[in-house]
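S.K.: build the 3D model from these lines:
(one chain, ligands or ions: 1)
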Amino acid sequence: MTIKNDLYLRAARGETTERTPVWLMRQAGRILPEYRALRARLSGFKELVETPELAAEVTIQPIDALDVDAAIIFSDILVVPDAMGLPYEMVEARGPLFPNVIKSAADVDKLRIADPEEHLGYVLEALRITKRALNGRVPLIGFAGAPWTILAYMVEGHGSKTFSKARGMLYREPALAHRLLEKITATTIAYLQAQVAAGAQVVQVFDSWAGILPPAHYAEFSTRYIAQICAALAPLVSVTVFAKGAWWAVEDFAALPCRTIGLDWNQDPAAVRRVAGDKTLQGNLDPCALYGTRDQVKAATLAMLRQFAGGPHIANLGHGVYPDTDPDNVRVFVDTVKEWRG
Ligand code: CP3
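M.R.: Numbers count the residues shown, from 1 in each chain. Now for the predicted structure:
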């Protein structure tokens, strides 16, 4: 199938494109009234994630509403622990909660290395449906959490400012942490390979809790496993690594076979360019810039675009779009990128 709009794919391969492609992390979700309407009819978030036809519908909503250059499959990083035997709940207005958490070697032993078709078949089916429905309009992005971020939720049981239980495990029981990370990594590699077989044309690894680790721990407990994922996936598709808060890890990422490095808004694109070689950079507008007036959104977007000059760029925010953002301002962001000719 030929892709009608392949700007994102070409930029993700390191090519310089006639204009900068643009999409948003969390573009499928609560910013869109059509998402909230569909979601309100269901028992909860999990029903949406686990019903392939609905997940596909929600994946395509921002392509219609925002006219972005890529679709990201509607799912969650927490489907991986779920598939390994540690189920999550999504508590309304509070976020994820794991009724059981990983505390001991016995808990790690009980986890399975998930079989993608058997335990994550609903995501693969959503990808297949989405791919057919998109009919080549824009490329389809698959994703998974980085093993460290998944461990953080499995050990902590919920979101946290400190993730002190998870970080504590790295000091108290490093060998156990590595065993858990190995199991998560094996599951994640098989899962991402299956996503590619089901239609994902690029994969992104989200390390949302990268920034809470000291750099040495990050190298040992996160980059090492991200490297294994990149090595397994890079022969199949372009891989994007987005590690929030881990500005000091860019040099290590530059040596990995990933093609694109995602930046959060704390990072200086020009400084990253200097150490990231010929990688494509993705990001990095502060999501709060979208709270401004139309003119302010436009000015902030142009300032961001100029900072990425000098190499391939995929425009995005520096993290997921906040749910209370006005979709009209998201359109201003998208349109400003599309009109810009650096
Ligand atoms: O559009 C897209 O980006 C695709 C969908 C997507 C979701 N989650 C849907 C979602 C993606 C890529 C994710 C990844 C994800 N999930 C991450 C990594 C990216 C990041 O934001 O750092 C993380 C850490 C999670 C875990 C998670 N899921 C949390 C902490 C929460 C609650 C916070 C919140 O925003 O409410 C979720 C729930 C979630 N995942 C929602 C959506 C649209 C909101 C749930 C709802 O509709 O009620």
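
S.K.: rest of the way, CA atoms for contacts and neighbours
M.R.: Fine.

S.K.: where does the stretch 101-250 of the chain get nearest to the ligand, residue-wise?
M.R.: Residue of the stretch 101-250 of the chain nearest the ligand, by Cα to the nearest ligand atom: S208 (4.2 Å).

S.K.: and the pLDDT for that residue?
M.R.: On pLDDT, S208 comes in at 98.

S.K.: how close does it sit to L42?
M.R.: 27 Å (Cα to Cα, to the nearest Å).

S.K.: tell me the confidence at A93?
M.R.: 86.

S.K.: quick one, what contacts the residue of the stretch 101-250 of the chain closest to the ligand?
M.R.: By Cα atoms under 8 Å, 6 or more residues apart in numbering, S208 lies in contact with G145, T149, F242, A243, K244, G245.

S.K.: kindly recompute the last result at 10 Å.
M.R.: G145, A146, W148, T149, I150, A152, F242, A243, K244, G245, A246, H319 (Cα atoms under 10 Å, 6 or more residues apart in numbering).

S.K.: so the third one sits against R179, correct?
M.R.: Looking back up the chat, that one is W148. No. W148 lies out of contact with R179 (Cα atoms under 10 Å); the separation is 11.9 Å.

S.K.: what does this structure put close to the ligand?
M.R.: 25-29, 45, 72-77, 95-96, 206, 208, 320 (Cα under 6 Å from any ligand atom).

S.K.: apart from its neighbours in sequence, what residue is nearest S222?
M.R.: Leaving aside its chain neighbours, S222 sits nearest to W148 (5.4 Å; criterion: Cα to Cα, 6 or more residues apart in numbering).

S.K.: give me the neighbour count for that neighbour.
M.R.: 29 (other Cα atoms under 10 Å).

S.K.: what's the burial count for E18?
M.R.: 11.

S.K.: hmm, I typed the wrong one, I wanted L233.
M.R.: There are 21 residues near L233, going by other Cα under 10 Å.

S.K.: please renumber so the chain begins at 347
M.R.: Shifting the count to begin at 347 puts that one at L579.

S.K.: I'd like to know how far it sits from L602.
M.R.: L579 is 11 Å from L602, by Cα to Cα.

S.K.: shared neighbours of these two, anything?
M.R.: Joint contacts of L579 and L602 (Cα under 10 Å, 6+ apart) are A573, V585.

S.K.: quick check, central residue of this structure?
M.R.: Among the residues of the chain, the one closest to the centroid is F552, at 4.2 Å (Cα atoms, centre = their mean).

S.K.: which residues touch that one?
M.R.: 423, 489-496, 572, 586-590, 608.

S.K.: redo that, cut-off 7 Å
M.R.: A490, G491, A492, V587, F588, A589 (Cα atoms under 7 Å, 6 or more residues apart in numbering).

S.K.: what about those, which are in strands?
M.R.: A490, G491, V587, F588, A589 (DSSP state E).

S.K.: the last one: neighbour count?
M.R.: If I follow you right, that is A589. 27.

S.K.: one more: the fourth one?
M.R.: A count of neighbours around F588, defined by other Cα under 10 Å, yields 26.

S.K.: so what sits opposite the closest residue to it other than its chain neighbours in the bridge?
M.R.: The shortest distance from F588 to any non-neighbouring residue, by Cα to Cα, 6+ apart, is to G608 (4.3 Å). In this entry, G608 is beta-bridged to F588, Q628, by DSSP bridges.

S.K.: and V667, how far from D455?
M.R.: Taking Cα to Cα, one finds V667 at 37 Å from D455.
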